[in-house]
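# Sequence and predicted structure are below.
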Amino acid sequence: MSLPVVEYLKLPEGGEPYLEGHKCSECGSIFLGERNVCSNCFARDSMQSIKLNNTGKLYSYSIVFRSFPGIEVPYISAIVDLDGGGTVKGNLIDCEPDPDKINFDMPVEVIFDDALGRKDKDGNSYISYFFKQIT
Amino acid sequence: MSDVYVLGVDMIKFGRFPDRTVPDLGAEAALLALDDAGLNIGNMEAFYCGNLGQANAMVGQRILQEIGQTGIPVVNCSNACATGATAFREAWTSIKAGLYDVVLAVGVEQMGTGLLGGSGSGSGIPKEGLLGSGTMPAVFAEAGMEHARQYGTTFEQFAKISVKNHHHSTMNPKARYQIETPLDEVMNAEMISYPNTKLMCSVNVDGAAAAVLVSEKKAKELGMQRAVRIKASVMTSDPYQERDLVMPDVNSCTRKAASEAYEMAGLDSSDVDLVELHDCFATAEMLHYENLGLCDDGEAGRLIDEGEVELGGRIPVNVSGGLLSKGHPLGATGIANIYEVCTHLRGEAGERQVENAKIGMTHVIGLGSACGIHILEKV
């Protein structure tokens, strides 16, 4: 069985994976990860967990050609505004690492797949999320 | 409340000193600043020391063990790349509060090699290159690409910033490098994180800088000839922004700090004769032209295209060579840029002197985020 790569990636039993947000019921701000207090409006006990959408638009990016030893390059580090709220960062895959091929606001979908074969020290495999252009 | 003055300030030439220690580098800068002020460690009433790499190792006290253990209060501080500015500002605050008349501030760093940052492993598996990149060149590339998305800023325009700062550093003997880098060389250098090539990333170096701050009373007593007045000292953290958690925000904390600094100084950006700002990457400098109000939003590309930010231009930026070529020893940077501005206000900057400089601004950003801005005035 695979584990989720981050705490905000949920793998419900018998259901589809999804990204989870925490939305402030007072001001509507959406956060990744659980919290007790809204850092925008300071409301307490106003956080509700929500399912984030699996589609969004590319907000910003960088094409990474130099990373730490052992990390395969190049890859596209993408910041995506999800439809309906929430911003997440991840790899944009199946896209040429060429600025001429990457357009701001291009529609992308969130897909869930094995975490590039990476395993932890106990040999567990992981499920990660990736962005893919919707053509 | 009394104004606070910089009476002595200096930095060591930035470089690589693997055979020396952090306290040793800090001690050298402290002695230079004390000499510049015509004082000695026995005159200091308090000492604020900034360092990141050995933040838990009492660097300030170890500096005093090298230059004089007088028993004064020592505060060690760490605030990412705003560490030096934080130490300086704490010294300012203590004099403003009326606690002391003469205070020492030192910023010092010995750097490793390679990329900074990374989206830490935490538990489980490494996230770098899986959930995008947390390396500093990538994070600041993404911030630059946000500007490109809004205003169509080009790779070439970002690269021109690096050409300018490297050119400036050829006139600064204390910079790590004194080498011209023409545009094609900058653009064709190894791409680290598009649009930042290797020559558009700040240089990892060792360095130290120090300042002696005094109250108005003390400045009058000791002589005002080379004193520099601190017109504004401001720090901010990053106010809430919707993309905070995935995109560290260097803009809103800078805008907030700039507006508070101009208000504190009773000045606006048109009064400023030179700026040393936080060019940790070429993409970052572009953002701060607008964040600091040096031009309207969307005009930053034009500013670099038309040479307004070069030495001799309307508002010279990073005439020291900046972090891109002078170098970026994290904890020292925030005092080194104060040294640079003071040197111009004193008319002692030699070949790179900004003519008739009367008002200068320094700016640093520590990602996470902390912004420190100082406005300095020729007396």
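Thanks, I have it. Residues are numbered from 1 along each chain as shown, chains lettered A, B, ... in the order given.

# And the helices in chain A, which stretches?
Assigned by DSSP state H, chain A shows no helices.

# for it, which strand is longest?
Criterion DSSP state E: the longest strand present in chain A is strand A:107-119.

# So which residue is dead centre in the chain?
This is for chain A. Nearest to the mean C-alpha position of chain A, by Cα atoms, centre = their mean, lies A:Val88 at 4.3 Å.

# oops, I was thinking of chain B
Nearest to the mean C-alpha position of chain B, by Cα atoms, centre = their mean, lies B:Gly334 at 3.7 Å.

# show me the residues around that residue that make contact.
The contact partners of B:Gly334, by Cβ atoms under 8 Å, 6 or more residues apart in numbering or on different chains, come to B:50, B:81-88, B:107, B:362, B:364, B:372. For glycine as for every other residue, the C-beta is placed from the backbone atoms N, C-alpha and C.

# count of residues packed around residue 104?
Using chain A here. Using other Cβ atoms under 10 Å in any protein chain shown, A:Phe104 has 14 neighbouring residues.

# You answered for a different chain; I wanted chain B.
Neighbours of B:Leu104 (other Cβ under 10 Å): 30.

# any idea which of the contacts of B:Gly334 has the most stuff around it?
The most neighbours of any of those, using other Cβ under 10 Å, belong to B:Gly84, which has 39 neighbours.

# Quick check: buried residues in stretch B:56-72?
Residues of stretch B:56-72 classed as buried: B:Met58, B:Val59, B:Gly60, B:Arg62, B:Ile63, B:Leu64, B:Glu66, B:Ile67, B:Gly68, B:Ile72 (neighbour count, 16 or more other Cβ atoms under 10 Å in any protein chain shown).

# so what's the second one up against?
Yep, that's B:Val59 we're talking about. Contacts here follow Cβ under 8 Å, 6+ apart; on that basis B:Val59 touches B:Val22, B:Pro23, B:Gly26, B:Cys49, B:Asn51, B:Asn76, B:Val108.

# Confirm that the last one sits in a strand.
Yes - counting by DSSP: H, G, I helix; E, B strand; the rest coil, B:Val108 is part of a strand.

# Tell me how many other residues crowd it.
For B:Val108, using other Cβ under 10 Å, the count is 37.

# Residue numbers of the stretch 1-150 of chain B in contact with chain A?
Residues of the stretch 1-150 of chain B lying close to chain A by Cβ under 8 Å from any Cβ of the partner chain are B:115, B:118, B:124-133, B:135, B:137-138, B:141-143, B:145-146, B:148-149.

# Flag every residue of the stretch 201-350 of chain B that's near chain A.
Residues of the stretch 201-350 of chain B lying close to chain A (Cβ under 8 Å from any Cβ) are B:Tyr240, B:Glu242, B:Arg243, B:Leu245, B:Val246, B:Met247.

# Make a ChimeraX selection of the buried ones in those residues.
Only the buried entries of those go into this ChimeraX selection, using 16+ other Cβ under 10 Å:
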select /B:242,243,245,246,247
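
# which residues of chain B fall in strands?
Remark: strands assigned in chain B by DSSP E are B:4-11, B:46-50, B:74-77, B:102-109, B:191-194, B:196-197, B:207-215, B:228-237, B:274-276, B:359-366, B:370-378.

# Could you do chain A as well?
Secondary structure of chain A, counting by DSSP E: strands at A:3-4, A:9-10, A:18-24, A:30-31, A:47-51, A:55-64, A:75-82, A:87-93, A:107-119, A:125-133.

# Could you export those strands as TSV, including mean pLDDT and distance to chain B?
TSV is the format used below for the strands of chain A (pLDDT from 0 to 100; distance: least, Cβ to the nearest Cβ, whole Å):
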stretch	mean pLDDT	distance to chain B
strand A:3-4	96	7
strand A:9-10	97	10
strand A:18-24	98	10
strand A:30-31	96	6
strand A:47-51	97	14
strand A:55-64	98	3
strand A:75-82	98	3
strand A:87-93	98	4
strand A:107-119	97	4
strand A:125-133	98	6
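
# Figure out which of those strands is closest to B:Met191.
Among the strands of chain A, the nearest to B:Met191 by Cβ to Cβ is strand A:55-64 (7.6 Å).

# And the closest one, what does it pack against?
In terms of contacts (3 or more Cβ pairs under 8 Å, 6 or more residues apart in numbering or on different chains; DSSP states H and E), strand A:55-64 is packed against strand A:75-82, strand A:87-93, strand A:107-119, helix B:136-151, strand B:191-194.

# CA-only coordinates of the first one in CSV, if you can.
C-alpha atoms of strand A:75-82 as CSV (Å, rounded to 0.1, in the frame of the first residue of the first chain):
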residue,chain,number,x,y,z
TYR,A,75,11.7,19.7,-14.5
ILE,A,76,9.0,22.4,-14.3
SER,A,77,8.2,23.7,-10.8
ALA,A,78,4.7,25.0,-11.2
ILE,A,79,2.4,27.1,-9.0
VAL,A,80,-1.3,26.4,-9.8
ASP,A,81,-4.4,28.3,-8.7
LEU,A,82,-7.1,25.6,-8.4
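
# which other helices and strands contact that strand?
strand A:55-64, strand A:87-93, strand A:107-119, helix B:136-151.

# buried stuff in it?
Residues of strand A:75-82 classed as buried: A:Tyr75, A:Ile76, A:Ser77, A:Ala78, A:Ile79, A:Val80, A:Asp81, A:Leu82 (neighbour count, 16+ other Cβ under 10 Å).

# do the same with the fourth one
Across helix B:136-151, burial judged by 16+ other Cβ under 10 Å covers B:136-149, B:151.

# and what of stretch B:211-229?
Neighbour-count burial for stretch B:211-229 [16+ other Cβ under 10 Å]: B:211-216, B:218-219, B:222, B:226-229.

# cool, and stretch A:51-69?
A:52-54, A:56, A:58-68.

# repeat for stretch B:33-52
By 16+ other Cβ under 10 Å, the buried positions in stretch B:33-52 come out as B:33-34, B:36-37, B:39, B:41, B:43-52.

# For stretch A:89-104, which outside residues touch it?
Residues contacting stretch A:89-104 (Cβ under 8 Å, 6+ apart): A:58-61, A:63, A:65, A:74-80, A:108, A:110, A:128-133, B:129-132, B:148-149, B:155, B:194-195, B:246-247.

# Repeat that for stretch B:249-260.
Outside stretch B:249-260, the residues that touch it by Cβ under 8 Å, 6+ apart are B:140, B:143, B:232, B:234-239, B:241, B:243, B:269, B:278, B:284, B:287-288, B:291-293, B:363, B:365, B:367, B:369-373.

# ok, 7 Å please
For stretch B:249-260, contacts defined as Cβ atoms under 7 Å, 6 or more residues apart in numbering or on different chains pick out B:143, B:234-239, B:241, B:284, B:287-288, B:291-293, B:363, B:365, B:369, B:371, B:373.
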